[in-house]
Structures are given as C-alpha cells and as structure tokens.
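**Student:** mind folding the following:
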Amino acid sequence: MTASRTPSSDSRSPESPTAAPPTTDRRAWLAGALAGAACATFAEAAPGGDEASPHARRAPSATASKGAASKSAASKSDVLAALLQRNRGLRPDYRGGLSNHLSMALYSLSALGADAPGLDRFAEKHWPKLEPLPAEGGPSIGASDWKARLGQRDAINGYRAFFTHAIERDGRDATLRRFLPELLPSIGAAAFHPLIRTGYGVRFGDDREVADGLAYWATAFVPLGPLGRAGSERDPRVLLASVHETHALAERDLSGYLIIDKMKAASELPEFARRVDALAPSDGTLAALAAATVRLYLEKGDFTALHAVTGTHAYRLLQPYIDPPELGVRYLWQALVAAYVTIGAPRVDDPAAADVPAWNDSLARARGSLDEHDIKLVDVAHEQGAFYGDPLYRRAAARRMRLV
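**Tutor:** So this is what the prediction gives:
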C-alpha cells in the first residue's frame, strides 16, 4: 500500500482548483460557504418575468422579486420547522438499531437549496418506517448518575429530558463541553450517527437537535476499548497502510447485523489496539483523517466509508467543545480504524486524475433525491471541500450521485 500524501487533480471546470494540501484555514471555508449560500438563494428565488418594456418594468420587477423571495423563504422555513417538530416525537433509531436520518437530511436538503415542496416530499417518503418515542417516560436520568444507563435504549426519554434541561440551564456550549468528553469512547456508536446528529444541531444552531443527538449518543453507547499511551507516528495513512498489511486485521469476515457490531468485533482483534495507539495526534491530524476518509470512500464507494466521511465532518464541528482535543482525535481515529477493518482494510491511495462534473450537477441531483445518504454525502462533501480545499470531495459527491 502506498501512503501517498499528494492530492490528485480532478478537474473539468474552473470550480476545481489545483490540489492543495489539507488546511484548517477558516477563510477558505467561509468563502466556499458564502458561495454555496448564494447558489441556494438563487435557486430558491428566481426573479419573475414581465412583458412590459424595460423602462416600465424595472422598479416593479425588483420589488416583486424581493417579495416573492421573502415569501418563498418564509414558507420553506415554516415547513422545515413543522417537519423537525414532528420528527422530535420519533425515536432516533428504528428496527432495533437503524438510524432516523430525517432531521439531518432535511437540514442538508435545505442547505442544498431544496424548496418547501422538496422538503415535504422527502419527509413523506420516510415517515412510514420511523417509530414513535416510548409512551411511558422510562427511567429518569439525574446529574449524579447520568452514566449509569449508558447503552440502554429504553432510557431515551430520560436522556432527552436530561440534556434538554442541561442546555436550557447552562447553555449549549457549556453542556457540550461538560458531556462530550464522557461520550467520546463511543464516538462510532450507531455508525457515527449520534455524533453526526449532534454536529448538525451545532451547525444549524438547533438546541433541540443537540439534545436529541446527545441522548441518542448516550442510549447507543458502545465503547471500543480503552486507549493506551499515544505513539510516535503522525501520518494516519502510514498507519492505515500498516493495518492493510497486517493479516490479523485485513480482509476479515466479521459477524454482526449492524455496522457498530462489526466495529466492536474489529476492536477485539489482535493488533487492533496497538495500531490505534501508534498514532501521535497533532494539530494536523483531523485534516489528515478527513483526507484519508474521502480517499477511502473513492476507493470503495462503500456505505461504511460514507459514514466515515460524514462522521469526520461532524467531529470537526464539535472539536471546539472537546478538551483535551488530542483525546477526541484519538477516539475518532480508533472508531475510523474499526470501520476501516470492517470493510476489509483496503488500500488508501490517491485516485488517478479524472474529469469530474461541476459542483452544481451533484447539488442539483441531490436536491431531487429521496435517498438520505445521497443528500447528506453531497452536502457534507460540499462543506468539507470548501473548508479543506480538497477537490476530491467534489469527485466523491459526483460518485455518490452516479455522475462518474
């Protein structure tokens, strides 16, 4: 396995810059985010037509367009709020451990520029499979013993009430700083979805989603084992190469119904803990993990690899609330290695250069999709690509949307 560190260039339009090394430069991310917001606004509110002469229609047309855009935005906002509220009466999981993606996908659809009917259409497709919260309250959760019921699905109502009250009392930031370090050992629980849902709550400023995400995290709690002393290797892809070449870890047939079941089995294999502990976290580790996960997805197009991409994005949103940050990155790395082993520990190389459609092609197709993973992957890839300046995210979005 070659652990190449030079991103490839995959461009067919001026949108894709010459590949640059991963960065955490906030200015690059803000520029991309503002460009995406402008595209979404344009898609939602195109100006109306008028057959009068240019001189007669100029002022009325501008006023009408502004009014139409305002009405459209209000309608979309109301629909989104109503759908999110309805979803808060439903479990964060269903059928014994599959994840309820509805609120996350609705927020991603909105960010991609979907209109109110598009949000409604997506929700109507997914309501039937989801399950209501338990009618009974279940066990109560208190501040002194809140960890006693970790991993118990029947405690969902108690944990939702507990985290909602904590946020109302102490604020979102303080609540995250207090509880995230305790939840980190289960960062990969439910295929990273509690992490992801909590990250969406932070990204969109939705305290109810943060509380629901933390409650889901607590009830789905599955740690992958204690961490040992950190090693000396700073490049995660060098360590992935060593996992790929380790017979005890590569191409293993792991049993389990859910992804997390397979991840737990992977964490118990010989050599797993040693490879995890070999990483020496640094300021550049998260960017390196993001680069590795998008390349892993391009290599396999795999469902688990997709969640490694979206999970790494969610961790980036939550990292400011994790102290010490090195501990959080090490637990993320542990979960990513477990996920990597479950899909056979394939090679993680830079793909060969290829023509890739413009972002707008993937964004438009994702807006019309009813598949939650299409929607979330394209949205997250757009965000990560803008933040890190890595053109391979555009290629990952195009692959998911079957454009390459």
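**Student:** contacting residues around the closest residue to residue 266 other than its chain neighbours?
**Tutor:** In space, and not counting its chain neighbours, residue 266 is closest to residue 341: 3.9 Å by CB to CB, 6 or more residues apart in numbering. Every residue, glycine included, has its C-beta placed from N, CA and C. Listed by CB atoms under 8 Å, 6 or more residues apart in numbering, the contact set of residue 341 reads 243, 249-250, 252, 254, 263, 266, 269, 272.
**Student:** element containing residue 341, please.
**Tutor:** If you go by DSSP states H and E, residue 341 is part of helix 325-342.
**Student:** can you list the domain ranges for the chain.
**Tutor:** Following automatic domain parsing, one finds the domains of the chain at 1-36+226-404, 75-223.
**Student:** the helix holding residue 341: how far from the chain's middle?
**Tutor:** Averaged C-alpha coordinates place helix 325-342 at 15 Å from its chain's average position (CA atoms, centre = their mean, to the nearest Å).
**Student:** for that helix, buried residues please.
**Tutor:** 327-342 (16 or more other CB atoms under 10 Å).
**Student:** closest one of those to residue 307?
**Tutor:** Closest approach between those and residue 307, by CB to CB: residue 339, at 7.1 Å.
**Student:** ok, residue 199 touching residue 319?
**Tutor:** No - using CB atoms under 8 Å, residue 199 is not in contact with residue 319, being 9.8 Å away.
**Student:** about what we covered before: reformat the domains of the chain as JSON lines; add mean pLDDT.
**Tutor:** Below are the domains of the chain laid out as JSON lines (pLDDT from 0 to 100):
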{"stretch": "domain 1-36+226-404", "mean pLDDT": "87"}
{"stretch": "domain 75-223", "mean pLDDT": "97"}
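**Student:** tell me where the protein has strands.
**Tutor:** For the chain, the strands defined by DSSP state E occupy 93-94, 98-99.
**Student:** state the pLDDT value of residue 62.
**Tutor:** With respect to pLDDT, residue 62 scores 44.
**Student:** can you tell me how far the residue positioned nearest the centre of the chain is from residue 105?
**Tutor:** Nearest to the mean C-alpha position of the chain, by CA atoms, centre = their mean, lies residue 310 at 3.1 Å. For residue 310, the distance to residue 105 (CB to CB, to the nearest Å) stands at 11 Å.
**Student:** do residue 308 as well
**Tutor:** In this view, residue 308 and residue 105 are 18 Å apart by CB to CB.
**Student:** sorry, back to before: show the buried residues in the contacts of residue 341.
**Tutor:** 243, 249, 254, 263, 266, 269, 272.
**Student:** give the contact list for the second one.
**Tutor:** The contact partners of residue 249, taken as CB under 8 Å, 6+ apart, are 243, 266, 269, 271-272, 275, 341, 345.
**Student:** just the closest of those to residue 155, please.
**Tutor:** Closest to residue 155 out of the contacts of residue 249 is residue 266 (26.7 Å), distances taken as CB to CB.
**Student:** quick one: contacts for the closest one?
**Tutor:** 249, 252, 254, 272, 337-339, 341-342.
**Student:** try residue 126
**Tutor:** Here residue 126 is in contact with 101-102, 105, 372 (criterion: CB under 8 Å, 6+ apart).
**Student:** roughly how far apart are it and residue 376?
**Tutor:** Counting by CB to CB, the gap from residue 126 to residue 376 is 13 Å.
**Student:** quick one: common contacting residues for these two?
**Tutor:** Contact with both residue 126 and residue 376 is made by residues 101, 105, according to CB under 8 Å, 6+ apart.
**Student:** quick one on the thing from earlier: of residue 199 and residue 319, who's got more company?
**Tutor:** residue 199 (25 against 17; other CB atoms under 10 Å).
**Student:** what's the neighbour count on the spatially closest residue to that one that is not a sequence neighbour?
**Tutor:** Take residue 199 and drop its neighbours on the chain: the residue closest to it by CB to CB, 6+ apart is residue 314, 3.0 Å away. As a burial measure, residue 314 scores 27 neighbours (other CB under 10 Å).
**Student:** hmm, residue 314 is touching residue 193, no?
**Tutor:** No - using CB under 8 Å, residue 314 is not in contact with residue 193; the gap is 9.2 Å.
**Student:** show me the helices in the stretch 1-150 of the chain, by range?
**Tutor:** Along the stretch 1-150 of the chain, counting by DSSP state H, counting those that start in this stretch, helices occupy 26-44, 54-87, 102-112, 116-126.
**Student:** the stretch 301-404 of the chain now?
**Tutor:** Using DSSP H, counting those that start in this stretch, the helices found in the stretch 301-404 of the chain span residues 303-318, 325-342, 359-367, 372-388, 392-400.
**Student:** circling back to that earlier point, farthest pair within the contacts of residue 126?
**Tutor:** Greatest spacing in those, by CB to CB: 102 and 372 (7.7 Å).
**Student:** residue 291 against residue 390, yeah?
**Tutor:** Yes - the criterion here is CB under 8 Å, and residue 291 meets it with residue 390 at 6.3 Å.
**Student:** and stretch 227-236, end to end?
**Tutor:** Taking CA to CA, to the nearest Å as the measure, stretch 227-236 stretches 16 Å from start to finish.
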